[in-house]
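**Q** pasting a predicted model and its sequence here:
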Amino acid sequence: MIGGTQAQGSGSMQFSSWLNSLQKRLRGAKRRRQLSRTLAGEVLEDRTLLTVTAFFVNGELSAISDGSDAITVQENPANPGTVQILANGVPFTNIAAIPTDMIRSIVVRGGDGPNVLNLTGVSSSAFSQLPNVLIDGGDGNDVIDGSADLNDTILGGDGNDLLSGQSGRNTIHAGDGDDTVNGGDGVDTIDGGDGHDDINGGRAGDSILGGNGNDTLDGAGGDDTIRGGDGDDLIDGDSPNTSSAGDDSVFGDMGDDTINGQLGNDDLNGNAGNDVMDGGAGNDIVRGGADEDSITGGTGDDSLDGQSGRDTLEGAAGNDRLDGGEEDDFLRGDDEFGAVNGNDTLIGGGGNDTLNGGNGDDVGFGGSGNDSLVGSNGNDRLSGQAGEDTLEGGSGNDRVDGGSGNDLAFGDDTFSGTFGNDTLLGGGGADTLNGGEGDDSFFGGAGADSISGEGGDDTINGQGGGDSVFGGLGDDVMIWELGHGSDSIDGESGVDVVEVRGTNADETANVFQGGAQLRINDGNNTLIVAGTTANVIMNMSGGDDGVSVDDLDEVAAFLLTINGEVGDDVVNAGGAKLGLARMFVDGGTGDDVITGSASDDTLLGGEGNDVIFGRFGDDSISGNGGADSILGQNGEDSIFGGNGSDTIDGGNGNDLVLGENNNDQVAGGAGDDFVQGNSGNDKIAGNAGADSLEGGHGNDTLLGGSGDDTIDGGASDDVLRGQAGDDRMRGGDGNDLVDGDGGDDTLNGGDGHDTVLGGIGDDLLAGFDGNDRVVGDQGDDTIVGGDGNDSLFGAAGNDILIGGDGDDKINGQGNVDTASGGQGDDTLLGIETPDEDFTLPSDVETDLQAL
């Protein structure tokens, strides 16, 4: 044996290059090098060359075999803090006490024969600085056990080796041969090399390459990356029958592989070859690659992609996505005969595919080719897409779309929903669609279709072509699109709705009657509504549309709703006789012109500056947004201006008129009207009749007109004129002008510094709060100043003037007047009978308080 220790003096020499050449000769030519001289700092032992050489140089502890040996490197149990080497069970005595703090690397090399190399007795706890570890088995069938927890590099070399990495972060190259590798508990990088290898990554997340050969690869615990390489491999992302879960990435590479993701959210790739793949538990991504693969998702929400080749895909439990890829594939979401459920998405892709959703609410797309799609149980959505497809929704509330091609759904171009809430799409051609039981949705597509909703509350859109639509039992919605053919609609039984849909173009429609049948014409096509229907709704959509309504008095009772929606629309009922029908109009966005019928209509202007005529009947009219012009015309109308500065005239009849927001011009018209300005500086006129006027907020002008009116100015500085009639007026808050004009009026200035004028007639006038100016004018007036420093003028007539609180100025202005100054320093002029004890009669006092 040749050995020694590195000298510890300052004169020591570094001779690693000499040692390297010595190692090469020991391994290669198998002969001992004769040293030409003794180097300073060397302690050499000249002995017969054995098969194991050990030495320690420059921090590197090495043990090298030249045959078939058992080499053990371990911490010295008899001398803690040191490391010893055993060759075939016998310690090397000359280097038996290498301190661990001097060791920077450990190298163990086996010879050409089968070697047993063991470093399990070396752990990181013994070192102040972790050494690098290299273990090379060389040729032969070797058994190698790495260090307890250092980061080892293990080389199996040629031969059928048994390699174990323990707990460190190991790099293992098994080399050629049928090897068995266990990475241990650390994060390892393992390369099986050529041969039929059996590799277990261990508990942590490992990187494993099987290499050439039919390998068995097990990621065990952790998030592993595994590549099978060439050959027919068996790959498990996690160890079978354990609870260890990892999110693994697996690539089968070349060959017919069997790949099991086991637990965790795995990414499995078969690549080339006829592979069998199972995602196992977890939300997995599985790609078959080229050739004919068999793929199962397992439990969890999986994504399965057969890619090229004739593949078989089964999602099993969970909400899965299945894509067959090219060629003729078989896809099944889950087992419809078992307890497995999942809401799956199945995509046939190219080829003639068979898709079965199984249990759950599934989505199926046939793709190109002549496909067979079965929804089975659940609420499914099936689309045959291109090709001549066969579609069956199965039980549940299904949607079936044949797509392009001559498709079959329970008959020749017949789509039957049977039970459940189904959606049936006819596509092109003359289709027959039968909903059966359930609340079904129909789209006839192009062609003259026959559509029957049968049982349930159905929604039916014939779309293009001259369609015949029968609602059947239930409360149905039947849709006719302008410009899409002349349809006949019969709701049959139930409370049905007929919806007319416009487009974004400028369109016209005429609503009229043909005998007892309702008809709608768009200029080229006519909708005939047979039987009875509860509601007809016209949604005109965008564009500047025109809708005219003629007499409908022979049609059974129904509600006609016209929604102008976007655009400057014109809706003209022209005073038509509606009989038992009623009309609701919403102009929508845009500057609309709306004219009501002879019946009681509901008319909404919507957004925009609208013009609305109520015509006859007791109408409800709302301008909504914009500066609207509204004329109620005949009937007892309810009119609401909405936002914007509106101009409103209630017309004939006892109307309710509300100006609402902004500065409105509001008139009640003829009749006993209630008119309110609300916010804004409004101009309000009662016109003829005994009207009730309210200014609301803002500086308003209120004119009573003829008739005995009740007028309240509300907040702010208002002008109130009673005009003709015996009016009752109150200025409210603010500095108001209250003028009774003609008639025996009762006037109250309210809060603020008001001017109150009695006008012609025997008036009752009160300034109330504030420094008011109250003038009786003509007639025998009763004038009360109220609180504040008031000025009272009797003018013509025999007046009663009472100053009330404050320093008042009272002027009778002739005739026989009665005056009382009340509290304060008052000035009385032209008063024949001053009477400080005078009080108002109780009925007069009550009248004033009522205001």
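**A** All right, it came through fine.
**Q** for the rest of this, base every contact and every neighbour count on C-alpha atoms.
**A** OK.
**Q** how many neighbours does residue 550 have?
**A** 17 (other CA atoms under 10 Å).
**Q** got a list of what it touches?
**A** With contact taken as CA atoms under 8 Å, 6 or more residues apart in numbering, residue 550 is in contact with 510-513, 573-574, 576-577.
**Q** can I get these in CSV with neighbour count?
**A** Converted to CSV, the contacts of residue 550 look like this (neighbours: other CA atoms under 10 Å):
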residue, neighbour count
510, 19
511, 19
512, 18
513, 19
573, 25
574, 19
576, 20
577, 19
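**Q** which of the residues you listed fall in strands?
**A** Taking DSSP state E, the ones among these that sit in strands are 510-513.
**Q** about what we covered before: would a markdown table of the contacts of residue 550 with pLDDT and distance to residue 721 be doable?
**A** Formatted as a markdown table, those follow (pLDDT from 0 to 100; distance: CA to CA, whole Å):
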| residue | pLDDT | distance to residue 721 |
| --- | --- | --- |
| 510 | 97 | 47 |
| 511 | 96 | 47 |
| 512 | 95 | 48 |
| 513 | 94 | 51 |
| 573 | 96 | 38 |
| 574 | 90 | 37 |
| 576 | 94 | 39 |
| 577 | 96 | 41 |
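**Q** so where is the stretch 301-450 of the chain shaky, pLDDT-wise?
**A** The stretch 301-450 of the chain contains residues with pLDDT under 70 at 333, 335-341, 395-397, 402, 404-420, 427.
**Q** for the stretch 701-850 of the chain, same thing?
**A** Checking the stretch 701-850 of the chain against pLDDT under 70 turns up 814, 816, 831-850.
**Q** 80 - rerun?
**A** Within the stretch 701-850 of the chain, the segments meeting pLDDT under 80 span 812-819, 821-822, 826, 830-850.
**Q** quick one: the helices in it?
**A** Under the criterion DSSP state H, counting those that start in this stretch, helices of the stretch 701-850 of the chain are mapped to 842-850.
**Q** how about the stretch 1-150 of the chain?
**A** 16-27.
**Q** got the end-to-end distance for stretch 467-485?
**A** 8 Å (CA to CA, to the nearest Å).
**Q** from the chain's centroid, how far away is it?
**A** Relative to its chain's centre, stretch 467-485 lies at 31 Å (CA atoms, centre = their mean, to the nearest Å).
**Q** and the contacts of residue 550, which is closest to residue 588?
**A** Nearest to residue 588 among the contacts of residue 550, counting by CA to CA, is residue 573 at 17.1 Å.
**Q** wait, what's in contact with the closest one?
**A** Here residue 573 is in contact with 548-550, 595-597 (criterion: CA under 8 Å, 6+ apart).
**Q** can you list those residues in JSON lines and add distance to residue 564, pLDDT and secondary structure?
**A** Shown next, in JSON lines, are these (distance: CA to CA, whole Å; pLDDT from 0 to 100; DSSP: H, G, I helix; E, B strand; the rest coil):
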{"residue": "548", "distance to residue 564": "12", "pLDDT": "97", "secondary structure": "strand"}
{"residue": "549", "distance to residue 564": "14", "pLDDT": "97", "secondary structure": "strand"}
{"residue": "550", "distance to residue 564": "18", "pLDDT": "96", "secondary structure": "coil"}
{"residue": "595", "distance to residue 564": "13", "pLDDT": "97", "secondary structure": "strand"}
{"residue": "596", "distance to residue 564": "14", "pLDDT": "96", "secondary structure": "coil"}
{"residue": "597", "distance to residue 564": "17", "pLDDT": "96", "secondary structure": "coil"}
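**Q** for burial, what's the neighbour tally of the nearest residue to residue 150 once chain neighbours are set aside?
**A** Closest residue in space to residue 150, ignoring its immediate chain neighbours: residue 168 at 4.7 Å, by CA to CA, 6 or more residues apart in numbering. Using other CA under 10 Å, residue 168 has 21 neighbouring residues.
**Q** and for residue 829?
**A** Neighbours of residue 829 under the rule other CA under 10 Å: 14.
**Q** beta partners for residue 347?
**A** Counting by DSSP bridges, residue 347 is bridged to residue 323, residue 365.
**Q** show me where pLDDT drops low in the stretch 51-200 of the chain?
**A** Looking at the stretch 51-200 of the chain by pLDDT under 80, you get 93-97.
**Q** need the pLDDT of the closest residue to residue 482 other than its chain neighbours.
**A** Excluding its sequence neighbours, the residue lying closest to residue 482 (CA to CA, 6+ apart) is residue 502, at 5.4 Å. In this prediction, residue 502 carries a pLDDT score of 91.
**Q** got the contact list for residue 502?
**A** Applying CA under 8 Å, 6+ apart, the residues near residue 502 are 481-482, 538-542.
**Q** out of those, which is most surrounded?
**A** residue 540 (31 neighbours).
**Q** against residue 152, how distant is residue 423?
**A** 64 Å.
**Q** and the contacts of residue 502, which is closest to residue 292?
**A** Closest approach to residue 292 among the contacts of residue 502 (CA to CA): residue 481, at 48.4 Å.
**Q** how about the nearest residue to the closest one once chain neighbours are set aside, phi and psi?
**A** Closest residue to residue 481 apart from its sequence neighbours, by CA to CA, 6+ apart: residue 501 at 4.7 Å. Here is the backbone geometry of residue 501 (degrees, to the nearest 10): phi -110, psi 130.
**Q** count of neighbours near the nearest residue to residue 53 once chain neighbours are set aside?
**A** Excluding the flanking residues, the one nearest residue 53 by CA to CA, 6+ apart is residue 64, at 5.1 Å. Neighbourhood size, residue 64 [other CA under 10 Å]: 24.
**Q** okay, stretch 577-591 in PDB with CA atoms only?
**A** Provided in PDB are the C-alpha atoms of stretch 577-591 (Å, rounded to 0.1, in the frame of the first residue of the first chain):
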ATOM      1  CA  LYS A 577    -109.200  52.200 -31.800                       C
ATOM      2  CA  LEU A 578    -107.600  49.400 -29.800                       C
ATOM      3  CA  GLY A 579    -110.700  47.800 -28.400                       C
ATOM      4  CA  LEU A 580    -109.600  45.500 -25.500                       C
ATOM      5  CA  ALA A 581    -106.000  45.900 -26.400                       C
ATOM      6  CA  ARG A 582    -103.600  48.200 -24.500                       C
ATOM      7  CA  MET A 583    -100.400  49.900 -25.600                       C
ATOM      8  CA  PHE A 584     -97.100  50.600 -23.800                       C
ATOM      9  CA  VAL A 585     -94.500  52.600 -25.700                       C
ATOM     10  CA  ASP A 586     -90.900  53.400 -24.600                       C
ATOM     11  CA  GLY A 587     -89.000  55.500 -27.100                       C
ATOM     12  CA  GLY A 588     -85.600  54.600 -25.600                       C
ATOM     13  CA  THR A 589     -82.500  56.600 -26.400                       C
ATOM     14  CA  GLY A 590     -82.900  59.300 -29.000                       C
ATOM     15  CA  ASP A 591     -85.200  62.200 -30.000                       C
END
